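J.: Structure for this input, please:
(chains A and B)
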Amino acid sequence: MSDSLIMLRRNFKHTVRNPITVFNAVLLPIVIMLMFVYMLGNAFSVGVKYIDYATPGMILLAVSYGLGATATEVNDDMTKGIINRFRVMDVSRGAVMTGHVIVTMARSLISIAAIIGVAFGLGFRPSASSLDWLAVIGIIAAACFATSWLTVAMGLSAKTPQSAGLATVPLIMLPFFSSAIVPAAKMGAGVRQFAEYQPFTPIIESLRGLLAGTPSTGYAMAALAWCAGIGIVGYVWAVATFRKRV
Amino acid sequence: MSDSAIAASGLRKAYGDKIVLDGIDLDVRAGTVFSLLGPNGAGKTTTVNVLTTLLKADSGTARVAGHDVATETKAVRAAIGVTGQFAAVDELLTGQENLQLMADLKHVGAREGKRVTAELLERFDLTDSAQKLVSAYSGGMRRKLDLAMTLVGAPRIIFLDEPTTGLDPRSRRTMWDIVRGLVADGVTIFLTTQYLDEADQLADRIAVLDQGRLVAQGTSEELKRQIPGSHVRLRFASVHELDAAARVLAGATRDDENLTLRVPSDGGVKSLQALLGRLNDHSINAEELSVHTPDLDDVFLALTGHANTEVNAR
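T.: I've put the predicted structure just below:
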C-alpha cells in the first residue's frame, strides 16, 4: 500500500468519525438550500423556476462548506506533533497533503450528489445533455481540487486549528456574494461589482448554463482559468509553507 | 567508535541572536541509556530534533547508527524511533488503528502488522482499550500508546523526549519499567528529562545541559559527588542567635543576610532530634527549620553556579 493511500484511509476515518464535519459538509448545505428554495424562493424573481436557478449556486455552497474541516484537520496534524512522527518515518509531504486534498474532494462530491438529489426532489429539471453533464462534473471537480489546495495551504499557515477554521470563513461567505442565490445584476452598487468579478460567479454561471442546456464558452473559460489560478496559488503556497514549517 | 550508537561533536544551533545549542559533544554506547538532563529551554528538544533529522544544526556533525544525520537522513530514520514531548497519537483513530497505521507506514506486511499490533497492545496493557478512540484515553495511556507506536518496526535506537513529564507517579513507574525492558533487549535509549530521579533510575550516563552547553557528564554517582548533600536549614530571629548557633553547630555554613544556618544532615528523625537537642541545651531558639534533599535545583546550583530558574518558578 502506498503512503498516499494509507494517509487517505486515515483522513477518511477522521471525516466519518467527526459528526460536525459531516453536518457542516453534507447536511448544512441541504438545510440552506431548503431554506432558500422553500422559504425565500418565491420572493425572488430570477426569470426561471427558482430551484433551477439556485441549484448551481448550492453546488458551490456545498464545496465551500466542506473546507473548514479540512483546514482544521491539516492544522491539527501540524500542531499536535504527529507530523514529526510521519517525518521521522519518511512519509512524503506529498502523501500527507494529497491525503487531505483527496478526502476533501470526495467529501465535497458526496455532498454535491446529495444536493443534486434533493434538488430533483424539489422540482429541479435540468435540460443538460450527457456531454453537458460531463462538463458540469469536470468544472465541479476542478473547483473542488483548486479550493482544496488553497484550504490545505490555509491550514498549514495558521498557528492554531481554531484560526485555521476561521481562515476559511471568507471562502464559505463567497457564494453569498456571488450569483449563487440572486443574480449579481440585482445587487446594490459595490456588492454587484464584487459579485460580478469574484471567482465563484463564473464557476456558478458556467454550471448554470450547462445545466440549462445553454452552455457559455466564455463563462466556462473564465471558470477554468480561476480554478487553475486558485489551484496553482494554493499548491505553491501549501508546498512552500510545508517546507518552511517542518 | 564501532559500538557507539550516537556520536555528536560540536553541534551548534541558533535562532537569530538566540543560541540554543552551543557546541554539544556526545557519545552514547550501543545498548545503554543516556540521559540528557536539564530545565525547560536548555536545548534538550533541539538536541533530539537534530539527532533525529528533524532539524539541521548550523555546524558540527552527528552520526546515529553510524550514519550522518545531515547527509544520510534516510538511513538514520530507518534505524531510529522517536517519541516526542507531546504524544503524537491520532485521536480519531483507535489504539489498534494507530499501531496499524505505523505498521502500514513501515511496510511490515499485513500478517506481521497484525501480529506486532496485538503484541504491543498486550505488552503495554492496552488490549482492553484497543478498540476505543484515543480521544477517550488518559494521559498515561496516550504516552504508552505513543511509545508503542515508536516500537513498531523494532528500532534499535530510541529517542524519548521527556517521556514522563505530566504523568502521575504510577504511570511514571510503568514508563520506567518499559524503558528497562527495552534496554534489556539491547536497545539504545536517548532520554531527555527534567527530573534528576528519573535520570538516576534509568541512565547509565547522564549529561547535564544548561543554556545550550553540557556542563557535566558522567554516571549518576559521579554527578552526585559534585552535588552538595542533604542539609537542614535553620533561620534565626537575630544575628546574636545566629552567632550562638554557629558556635555550637560545627560544620555549618552561615548566611548573615538571611540569618540562616545550613547544617549538613541526612534529614532523618534521629539526627533532627539530636540537632534540636543541641540547640535546646544551649537555649537557642530557631525561628524556622527546613530539611533539604538534593534535587535538580542543587545540581544546577552546583554545576552551573546559577539556580535553575524554571524549577524555582514553580
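J.: Strands of chain B, residue ranges please.
T.: In chain B, strands defined by DSSP state E lie at B:4-15, B:18-29, B:33-37, B:59-64, B:67-68, B:80-83, B:157-161, B:188-193, B:205-210, B:213-218, B:231-235, B:253-255, B:260-264, B:288-292, listed in chain order.
J.: With distance to residue B:107 added, can I get the ones you listed in JSON lines?
T.: The way it works is simple: take the backbone N, C-alpha and C, and place the C-beta from them, glycine included. JSON lines is the format used below for the strands of chain B (distance: least, Cβ to Cβ, whole Å):
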{"stretch": "strand B:4-15", "distance to residue B:107": "24"}
{"stretch": "strand B:18-29", "distance to residue B:107": "28"}
{"stretch": "strand B:33-37", "distance to residue B:107": "29"}
{"stretch": "strand B:59-64", "distance to residue B:107": "21"}
{"stretch": "strand B:67-68", "distance to residue B:107": "20"}
{"stretch": "strand B:80-83", "distance to residue B:107": "15"}
{"stretch": "strand B:157-161", "distance to residue B:107": "20"}
{"stretch": "strand B:188-193", "distance to residue B:107": "23"}
{"stretch": "strand B:205-210", "distance to residue B:107": "35"}
{"stretch": "strand B:213-218", "distance to residue B:107": "38"}
{"stretch": "strand B:231-235", "distance to residue B:107": "57"}
{"stretch": "strand B:253-255", "distance to residue B:107": "62"}
{"stretch": "strand B:260-264", "distance to residue B:107": "59"}
{"stretch": "strand B:288-292", "distance to residue B:107": "54"}
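J.: just for chain A, where's the confidence low?
T.: For chain A, the stretches with pLDDT under 70 are A:1, A:246.
J.: if we can go back for a sec, who wins for proximity to residue B:44 among the strands of chain B?
T.: Residue B:44 lies closest to strand B:188-193 among the strands of chain B, at 4.0 Å (Cβ to Cβ).
J.: in its sheet, what does that closest one sit against?
T.: strand B:33-37 (parallel), strand B:157-161 (parallel) (DSSP bridges).
J.: hmm, who's touching that strand?
T.: Here strand B:188-193 makes contact (Cβ atoms under 8 Å, 6 or more residues apart in numbering or on different chains) with B:5-6, B:28-38, B:44-45, B:47-48, B:51, B:156-165, B:179, B:182-183, B:198-199, B:202-203.
J.: now the residues you listed: which count as buried?
T.: By neighbour count, with 16 or more other Cβ atoms under 10 Å in any protein chain shown, the contacts of strand B:188-193 hold B:5-6, B:28, B:31-38, B:44-45, B:47-48, B:51, B:157-165, B:179, B:182-183, B:198-199, B:202-203 as buried.
J.: what's the residue of chain A most remote from its centre in contact with, if anything?
T.: In chain A, counting by Cα atoms, centre = their mean, residue A:88 sits farthest out from the average C-alpha position, at 32.6 Å. Contact partners of residue A:88, counting by Cβ under 8 Å, 6+ apart, are B:52-54, B:77, B:80-82.
J.: repeat that for 7 Å
T.: Residue A:88 makes contacts with B:52, B:54, B:77, B:80, B:82, as judged by Cβ atoms under 7 Å, 6 or more residues apart in numbering or on different chains.
J.: before we move on, what about residue A:241?
T.: Neighbour list for residue A:241: A:153, A:156-157 [criterion: Cβ under 7 Å, 6+ apart].
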